[in-house]
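Undergrad: A structural model of the following input is requested.
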Amino acid sequence: MDAEPEELLRTAMRVSNTLRAHGIRFALAGGCAVYAHGGPASDHDVDVFVTEEDAPVARKVLVAAGMRAVDPPENWLIKVYDGDRLVDLIFRPNGRPVTPELLDRAEELRLGATTAPVVPVTELMVDKLLVLEGHRCDFTPLLPIARAVREQVDWSAVARRTGASPYARAFLVLLSELGITDGRELAHAKGAPHVRPRSR
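TA: Residues are numbered from 1 along each chain as shown. Next up, the predicted model:
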């Protein structure tokens with residue numbers, strides 16, 4: 001069940017303050033990170049990037065703070081609940097390990113009444129596009145995000161890093177056709193169709 005955005009924000013603040021208090025490096029990702037960058041609020045869950053080494057420690061301190069851990073079937077994350085609000089501690093998003101270098105690139109942004117390290121918005125778009133595949137190809141939730149953060153994204157970097165995915169390439173073409181981007185990034189997408197950049 002989806003949670004109210006205000007409830008998720010409180011959970012994100014609680015998780016951030018708890019991990020920081022215990023010296024565990026992390027970065028907010030997913031919908032909460034989009035919100036921190038000025039995009040639409042999330043009503044799904046709280047995604048947190050941690051290294052695989054730190055994931056069990058992060059779980060331990062969050063449980064000690066009153067959260068409830070569950071054993072997920074996936075082998076790339078750990079799940080805890082703050083009441084009925086899900087927190088995903090992700091250490092291998094889309095098969096790519098969370099590294100100290102990735103966490104170094106996190107930006108300190110306002111999150112409600114506190115601040116937290118947040119995954120850069122270009123990295124967020126890469127992750128969201130790499131999730132797209134044959135059984136998960138709904139562009140609808142991605143469009144308002146792309147519109148909201150378009151000026152902050154290095155779209156050429158997104159195209160280079162997602163160019164092997166036909167679903168990601170299709171989304172980038174759609175953004176160009178809608179005028180959300182100027183289309184110049186399409187030249188950087190491997191195997192992308194030849195689309196003339198739009199004038200803006």
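
Undergrad: domains in this structure, by residue range?
TA: Following automatic domain parsing, the chain resolves into domains at 5-119, 126-188.

Undergrad: now do the longest one, average pLDDT.
TA: I take that to be domain 5-119. For domain 5-119, mean pLDDT is 94.

Undergrad: got the domains of the chain as CSV, with mean neighbour count columns?
TA: C-betas here are computed from N, CA, C, even on glycine. Formatted as CSV, the domains of the chain follow (neighbours: other C-beta atoms under 10 Å):
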stretch, mean neighbour count
domain 5-119, 18
domain 126-188, 17
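
Undergrad: for the residue nearest the centre of the chain, give its distance to D138.
TA: Centroid-nearest residue in the chain, with C-alpha atoms, centre = their mean: G30, separated by 2.9 Å. Using C-beta to C-beta, to the nearest Å, we find G30 at a distance of 16 Å from D138.

Undergrad: so what touches the longest helix seen in the chain?
TA: When the chain is parsed with DSSP state H, its longest helix is helix 5-21. Helix 5-21 is contacted by residues 3, 26, 28, 31-32, 35, 41-46, 48, 50, 58, 61-62, 65, 82-83, 85, 87, 111-114, 116 when judged by C-beta atoms under 8 Å, 6 or more residues apart in numbering.
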